[in-house]
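In: Provide a 3D model corresponding to the input given below.
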Amino acid sequence: MPLLLLAPLPGCRAELLPPGAPTPWPVESAHRWQWQWQLSGPLDVTAEADVFLLDPVRTTSTETAALRARDRRLVCQVRVGTYAGTDPDASRFPTAVRGTAVAGRPGSRWLDVRQWDTLKPVLADRFRLCRGKGFGAVALADADGYLHRPGFPLDFDDQLLFNRRLATLARSLDLSPGLVNDVPQVAALAPDFDFAVNEECVRRRQCAKLLPFTDAHKPVFHVEYTGSPDEFCVTTVGYGFASIRKDRDLDAWRESCPLP
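Out: Below is the predicted model:
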């Protein structure tokens, strides 16, 4: 699909993003980001969004270059607490760190996040793939194995240490770190991360727990999969979130909340 050059969106533009630098999140724009989360289907570069959250394996360098040329902020999603058998680097995870199956995702398993020395080189290379393709930020998905049944006795502190190490690793590779979900640890981790990505805080009645990010003038990129934006936007825009409605397969379709 040919890439289109997009005109800047009014009100949210900063200077052209320099190559090789982590994504900046200007305080004055913290409550005005429009975003798109797409992990399946042909990439729709015409989406009226400032921020694109994308799969770094599927997304090409040509696509990221075209988006960055129009000052779009690019975030790669990296699964840090799980792996899939189809991942290009799946063979790099030894049996000792492989846990139980991830519910609802055939072929995926949890990882033992306590084994940092084993996981760090693989995750660092995942981050380098993002950096090499022109992403300036990384959203850490599956960073909440302690809330599930991963096959290891992970506790709150194990996860907290792992997530903080990941944020430090991302910064060392010139990537701005973002936390995906892991709502119970938001208060502890908000100082370590530059932004949050949340699924269904309205349906789960958890939105107020994300306020440590907005109180610190950091973006919260939020999605609901059910309900009408006319209803949930009243809550989330009031909290200062950038909210959208998406289908669960995270294709190109979306409905955005209006800017405040």
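In: what are the pairing partners of the longest strand seen in the chain, and which direction each?
Out: Assignment by DSSP state E gives strand 73-79 as the longest strand of the chain. Within its sheet, strand 73-79 is paired with strand 51-54 (parallel), strand 137-141 (parallel), according to DSSP bridges.
In: in the first one, what's buried?
Out: Okay, so that is strand 51-54. Neighbour counts over strand 51-54 (16 or more other CB atoms under 10 Å) mark 51-54 as buried. Backbone N, C-alpha and C define where each C-beta goes, glycine included.
In: quick check: the farthest pair among the residues you listed?
Out: Maximum pairwise distance among these (CB to CB): 10.1 Å, between 51 and 54.
In: which neighbours do the two share?
Out: 74-75 (CB atoms under 8 Å, 6 or more residues apart in numbering).
In: avg pLDDT for the strand or helix carrying residue 110?
Out: In the assignment (DSSP states H and E), residue 110 maps to strand 108-111. Averaged over strand 108-111, pLDDT sits at 98.
In: beyond that strand, next helix or strand please.
Out: By DSSP H and E, the next helix or strand past strand 108-111 is helix 116-132.
In: could I get the strands paired with strand 73-79 as TSV with mean pLDDT and distance to residue 239?
Out: As requested, those are exported to TSV (pLDDT from 0 to 100; distance: least, CB to CB, whole Å):
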stretch	mean pLDDT	distance to residue 239
strand 51-54	98	17
strand 137-141	98	19
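In: out of those strands, which comes closest to residue 238?
Out: Nearest to residue 238, of the strands paired with strand 73-79 and by CB to CB, is strand 51-54 at 20.2 Å.
In: now do the helices in the stretch 101-250 of the chain.
Out: Under the criterion DSSP state H, counting those that start in this stretch, the stretch 101-250 of the chain contains helices at 116-132, 156-172, 186-189, 201-204, 211-215, 229-239.
In: may I see those helices organised as a markdown table, with mean neighbour count, distance to residue 105 and mean pLDDT added?
Out: As requested, those are exported to a markdown table (neighbours: other CB atoms under 10 Å; distance: least, CB to CB, whole Å; pLDDT from 0 to 100):
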| stretch | mean neighbour count | distance to residue 105 | mean pLDDT |
| --- | --- | --- | --- |
| helix 116-132 | 16 | 17 | 98 |
| helix 156-172 | 18 | 19 | 98 |
| helix 186-189 | 18 | 24 | 98 |
| helix 201-204 | 18 | 19 | 96 |
| helix 211-215 | 18 | 27 | 96 |
| helix 229-239 | 17 | 26 | 92 |
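In: any chance of those in JSON lines, with distance to residue 257 too?
Out: JSON lines is the format used below for the helices of the stretch 101-250 of the chain (distance: least, CB to CB, whole Å):
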{"stretch": "helix 116-132", "distance to residue 257": "27"}
{"stretch": "helix 156-172", "distance to residue 257": "28"}
{"stretch": "helix 186-189", "distance to residue 257": "21"}
{"stretch": "helix 201-204", "distance to residue 257": "11"}
{"stretch": "helix 211-215", "distance to residue 257": "14"}
{"stretch": "helix 229-239", "distance to residue 257": "4"}
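In: quick check: residue 36 touching residue 46?
Out: No: in this structure, residue 36 is not within contact of residue 46 by CB atoms under 8 Å, at 10.1 Å.
In: quick one: which of the two has more around it?
Out: Legend: neighbour count by other CB atoms under 10 Å for residue 36 and residue 46, higher for residue 36 (23 against 10).
In: distance of that one from residue 212?
Out: For residue 36, the distance to residue 212 (CB to CB, to the nearest Å) stands at 25 Å.
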